[in-house]
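[1] any chance you can model this:
(2 chains)
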Amino acid sequence: AQTVTQSQPEMSVQEAETVTLSCTYDTSENNYYLFWYKQPPSRQMILVIRQEAYKQQNATENRFSVNFQKAAKSFSLKISDSQLGDTAMYFCAFMKHVSNFGNEKLTFGTGTRLTIIP
Amino acid sequence: DAGVIQSPRHEVTEMGQEVTLRCKPISGHDYLFWYRQTMMRGLELLIYFNNNVPIDDSGMPEDRFSAKMPNASFSTLKIQPSEPRDSAVYFCASSLAGPDGSGVVIQYFGAGTRLSVL
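    From the prediction side, this is the model:
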């Protein structure tokens, strides 16, 4: 079974600064997907960024980027130029590789509550 | 597309009552997932369907919980009888079968139903 660990229950950072959220995972799978989801106070789960394990290049989405270290089983999220709207819970999630026509469940970490301070 | 639609948004009921949560997945999606979020256990999968057929229900806590998907555009999660420990946020998510055009499998979440059992 897969496990996902987020060791930072809470973090805070000044607006416009950069913050990095940590995530480690444990799996015996060689191919898989990793995700960061954001959950603002509205409760909606919003996909922030995703990474395929077989791709060495780190994913980026505007101000969001990841540092994917497959050997270390680490998948951290960096938020640059943080904004007030980034205040939310952030969940790291793992999914086993799927075939062309398959799907699998997401295994989530416990989350990091991020507060952006004006 | 309107996204994954869940109803009701909030549900308050008394112990012993039957509760039915509803979900309309994104049109064209082949997979539907039910997750539960609690403070104690975080986000965990309850059950998921492929083409309206249940694939994995190992996360369903006990016989009081049942889920159905009578057609491709509707699913229900029923709790009968409800208990205070069932209080949680219940999410529905849907997904295509396999990776999207970017090569990654993505699950899209509804806004969740907050259930309170008194």
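
[2] contact partners for the most centrally placed residue in chain A?
    Taking Cα atoms, centre = their mean, the centroid of chain A lies closest to A:Trp36, which sits 2.8 Å from it. Taking Cβ atoms under 8 Å, 6 or more residues apart in numbering or on different chains, we find A:Trp36 in contact with A:21, A:23, A:47-50, A:64, A:66, A:75, A:77, A:90-93. From N, CA and C alone the C-beta is placed, and that goes for glycine too.

[3] closest to chain B among those residues?
    Set against chain B, the nearest of the contacts of A:Trp36 by Cβ to the nearest Cβ is A:Arg50 (4.8 Å).

[4] pretty sure that closest one sits against A:Phe35.
    Yes: with contact defined as Cβ atoms under 8 Å, A:Arg50 reaches A:Phe35; the gap is 4.9 Å.

[5] so which residues of the chain form strands?
    I'll assume chain A. Secondary structure of chain A (DSSP state E): strands at A:3-5, A:10-14, A:19-21, A:24-26, A:32-39, A:46-52, A:60-61, A:64-69, A:74-79, A:88-96, A:107-108, A:112-117.

[6] not what I meant, chain B
    B:5-7, B:10-13, B:19-24, B:31-38, B:42-50, B:53-56, B:65-71, B:74-79, B:88-95, B:108-109, B:113-117.

[7] alpha carbons of the third one, in CSV - could you do that?
    Spelled out, that is strand B:19-24. The C-alpha trace of strand B:19-24 is given here as CSV (Å, rounded to 0.1, in the frame of the first residue of the first chain):
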residue,chain,number,x,y,z
VAL,B,19,-29.2,10.1,4.5
THR,B,20,-28.7,10.2,0.7
LEU,B,21,-25.9,12.2,-1.0
ARG,B,22,-26.0,12.8,-4.7
CYS,B,23,-23.5,13.3,-7.4
LYS,B,24,-23.6,14.2,-11.1
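
[8] avg pLDDT for it?
    Averaged over strand B:19-24, pLDDT sits at 98.

[9] got the angle between that strand and strand B:74-79?
    For strand B:19-24 against strand B:74-79, the angle by axes from the mean of the first three to the mean of the last three Cα atoms, to 10 degrees is 160 degrees.

[10] quick revisit: skipping its backbone neighbours, what lies nearest the residue nearest to the centre of chain A in space?
    Ranked by Cβ to Cβ, 6 or more residues apart in numbering or on different chains and with sequence neighbours excluded, the top spatial neighbour of A:Trp36 is A:Val48, at 4.4 Å.

[11] same check on B:Ser73?
    Closest residue to B:Ser73 apart from its sequence neighbours, by Cβ to Cβ, 6+ apart: B:Lys24 at 5.8 Å.

[12] could you report the separation of the one you found from chain A?
    Distance, B:Lys24 to chain A, using Cβ to the nearest Cβ, to the nearest Å: 16 Å.

[13] got the contact list for B:Thr113?
    B:6-11, B:21, B:89-90.

[14] ok, and of those, which contact chain A?
    Restricting those to those adjacent to chain A (criterion: Cβ under 8 Å from any Cβ of the partner chain) gives B:Val89.
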